[in-house]
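*Asks:* Below are the sequence and a predicted model; questions follow.
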Amino acid sequence: MKNKVITLAVLKEARIDENRTPFTPSQISNLLHNFSNLKIIVQPSERRCFKNEDYLKAFLCASFLNFLSRAILILASLAI
């Protein structure tokens with residue numbers, strides 16, 4: 001049986017005072033290396049505590065997209 005591809009997305013930070021992220025580049029790299037059926041979309045953000053380039057260097061099989069509709073789960077860090 002073929003493994004179903006699971007797509008996750010990391011939402012960009014929207015608030016001016018927000019710079020957190022649910023996953024670091026190294027955590028995403030680790031997930032992608034351990035789960036071959038996992039795809040991760042990262043929404044580009046200039047406010048995130050890691051630069052977009054840090055994510056690109058850490059993993060080459062993830063995508064940078066603004067459109068997240070392919071994801072079954074969207075991850076974000078929210079202030080309450």
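*Replies:* Alright, I've got the coordinates.
*Asks:* can you pull out the strands in this protein?
*Replies:* Using DSSP state E, the strands of the chain run over 6-10, 38-42, 63-64, 73-75.
*Asks:* since we're on residue 48, how many residues are nearby?
*Replies:* Other residues lying near residue 48 total 20 when counted by other Cβ atoms under 10 Å. For every residue, glycine as well, the C-beta is placed using N, CA and C.
*Asks:* Pull the contacting residues for the closest residue to it other than its chain neighbours.
*Replies:* Nearest in space to residue 48, with sequence neighbours left out and distances taken as Cβ to Cβ, 6 or more residues apart in numbering, is residue 21 at 5.2 Å. Taking Cβ atoms under 8 Å, 6 or more residues apart in numbering as the contact definition, residue 21 lies against 10, 13, 48-50, 77.
*Asks:* Just list what the longest helix along the chain packs against, helices and strands only.
*Replies:* With secondary structure taken from DSSP state H, the chain has its longest helix at helix 25-34. Counting contacts by 3 or more Cβ pairs under 8 Å, 6 or more residues apart in numbering; DSSP states H and E, the secondary-structure elements packed against helix 25-34 are strand 38-42, helix 52-58.
*Asks:* if we can go back for a sec, just name the closest of the contacts of residue 21 to residue 33, please.
*Replies:* The closest of these to residue 33 turns out to be residue 10 (Cβ to Cβ; 16.9 Å).
*Asks:* Quickly list what that closest one is bridged to.
*Replies:* Here residue 10 sits in beta bridges with residue 42, residue 75, going by DSSP bridges.
*Asks:* Surely it is in contact with residue 40?
*Replies:* Yes. Shown here, residue 10 and residue 40 form a contact pair, counting by Cβ atoms under 8 Å, at 6.9 Å.
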